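[1] Provide a 3D model corresponding to the input given below.
(2 chains)
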Number of protein chains: 2
Amino acid sequence: MRITIIGSGNVATHMAAAFKNAGHRIVQVYSRDLQNAWLLAYHVGAEAVDKLELISNETDLFVISLKDDAIADVAKTLAVHNKLIVHTSGATGLDILLAVTPNAGVFYPLQTFSKVREVNFRDVPLCLEGGNDDILGQLKELAYTVSNNVYTVDSAQRKVLHLAAVFACNFPNYLYGVAQQLLAQHQMGFDMLRPLILETAQKVQEQVPGDVQTGPAVRNDGGTMAAHLQMLSDMPQLQDIYTLLSQGIIKNNNDVTANG
Amino acid sequence: MRITIIGSGNVATHMAAAFKNAGHRIVQVYSRDLQNAWLLAYHVGAEAVDKLELISNETDLFVISLKDDAIADVAKTLAVHNKLIVHTSGATGLDILLAVTPNAGVFYPLQTFSKVREVNFRDVPLCLEGGNDDILGQLKELAYTVSNNVYTVDSAQRKVLHLAAVFACNFPNYLYGVAQQLLAQHQMGFDMLRPLILETAQKVQEQVPGDVQTGPAVRNDGGTMAAHLQMLSDMPQLQDIYTLLSQGIIKNNNDVTANG
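    The predicted structure follows:
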């Protein structure tokens, strides 16, 4: 397939590389910043462009991977080419593309990407939506060339996925940082916590979180929780976080007990 | 070394197996519940006992792995044997053992254990404290027979580690469960999130959390955060959690910007 990548951020970078590795041809990479466009284009053997009017018609698919609020305007400009257009945003509906072309879909990778780290794209869940069944079929075919985890997800579900990803990824990463800061305040390094963090995530690869919850809250160990809150006495925001999350764990546990 | 295991919970189980695999002899396993004692004892070739007065003097080390509030009483009973006694608790000081014997230490594994899942014990950070340098030396020697990650940590630091572990392990696991519930409410399975959870933990094995934070809060994307809070409108506790954790991410980010 001939693919044009609109954007040069983390998602655009990983997706362009995955398409290229699967044998697709990346025609052009567009970014307002020519250097960013060029860096990605160079790695996937494409032409770099920094103006929408330089975008070629000789392509089969436009993949828009831009900030959410930039998608609509760019899609409007690209619609003149009469080619399939998809965006990669979890928080954006398909309707924003359908407003400018019927030939539209969504290709949302449910993963956290950083430029410095390779991911195995074959494990990345790809959540697809198409303006019609034919488009969905084309997107599925494309998706299976780069991943084994392909899902059909409508716009309402995709927004829930995006919200769930904040709880499953962005918030845990923030809490890792809190733990790191607590250790640093007492002359201990983050290395001590890394095996625990990895094991916590590995545990739920086969189990469900409710079955492997550990810690003072699930034991309803009030003494330990009180001691922890005392240790956080000069960090009221962390006290609030500790209290709220512990209450959540206790509540889940009571619900299980009540139902079991 | 001849080792007696006091307790039959997750920590006792994994530690007894690690000692056994490293060539140590597990003499006895004690639990108030004879069946639990027997299950673990059977797997490590030890005798099972359910009464403290049945505990043999023919040992070199007592490892107390019980609920925090049970440690002091049991230690008092064991002290008559005049052997080295350690506990495995993150939240408990060494002083509770020193009150009954000078021959005391702490052997705290900073990991989350479940009975159903094997862990590679050689990766488990072991945090040691000894009543004196000789005891610390003995514990270090023992620790290196089962793990490559051995740290000397005093009681104050260990309490911080235990608190940090709540933030790095117990709270992320709770948030995984929240994400799972959000998906279930919209007919989607937890499998969709598993690769994201694993990658989030793998990222910080080489990076630090602050450098790999993603999501709407770190971008200060108010539109997306408002939409997410709206989606949680019938779950006020989750709204509170969302708001507090997002504020934390925004604050970290502002601090970095102010310093950078």
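
[2] where along chain A do the strands fall?
    A:2-6, A:25-30, A:47-49, A:61-64, A:84-87, A:104-109, A:126-130, A:150-152 (DSSP state E).

[3] any idea how far the third one is from the chain center?
    When you say that, I think you mean strand A:47-49. 26 Å (C-alpha atoms, centre = their mean, to the nearest Å).

[4] Same check on the fifth one?
    Here the centre of strand A:84-87 is set off from its chain's centre by 18 Å, with C-alpha atoms, centre = their mean.

[5] so who does A:Ser8 touch?
    A:Val29, A:Tyr30, A:Ser31, A:Asp33, A:Asn36, A:Ala37, A:Leu39, A:Leu40 (C-beta atoms under 8 Å, 6 or more residues apart in numbering or on different chains). Every residue, glycine included, has its C-beta placed from N, CA and C.

[6] circling back: CSV for the strands of chain A, including mean neighbour count, distance to chain B and mean pLDDT?
    Output for the strands of chain A, formatted as CSV (neighbours: other C-beta atoms under 10 Å in any protein chain shown; distance: least, C-beta to the nearest C-beta, whole Å; pLDDT from 0 to 100):
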stretch, mean neighbour count, distance to chain B, mean pLDDT
strand A:2-6, 25, 19, 98
strand A:25-30, 24, 21, 98
strand A:47-49, 19, 25, 98
strand A:61-64, 24, 17, 98
strand A:84-87, 26, 14, 98
strand A:104-109, 24, 10, 98
strand A:126-130, 24, 8, 98
strand A:150-152, 17, 6, 97
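
[7] B:Val86 is nearest to which of those strands?
    B:Val86 sits nearest to strand A:104-109 of all the strands of chain A, at 47.7 Å, using C-beta to C-beta.

[8] partner strands of the closest one, parallel or antiparallel?
    Here strand A:104-109 has these sheet partners by DSSP bridges: strand A:84-87 (parallel), strand A:126-130 (antiparallel).

[9] Among the contacts of A:Ser8, name the ones in helices.
    A:Asn36, A:Ala37, A:Leu39, A:Leu40 (DSSP state H).

[10] now, which of these sits nearest chain B?
    Using C-beta to the nearest C-beta, A:Asn36 comes nearest to chain B of those, at 17.0 Å.

[11] Number of residues surrounding the closest one?
    A:Asn36: 19 surrounding residues under other C-beta atoms under 10 Å in any protein chain shown.

[12] Leaving out chain neighbours, which residue sits closest to it?
    Leaving out its chain neighbours, the residue that sits closest to A:Asn36 by C-beta to C-beta, 6 or more residues apart in numbering or on different chains is A:Ser8, at 4.1 Å.

[13] Quick check: the gap between the one you found and chain B.
    16 Å (C-beta to the nearest C-beta, to the nearest Å).

[14] related to what we said a few turns ago, ok, the ones in helices among the contacts of A:Ser8 vs A:Asp191, which is closest?
    Using C-beta to C-beta, these come closest to A:Asp191 at A:Leu39, 32.1 Å.

[15] Please name the nearest non-neighbouring residue to that closest one.
    Per C-beta to C-beta, 6+ apart, closest to A:Leu39 is A:Ser8, 7.1 Å.
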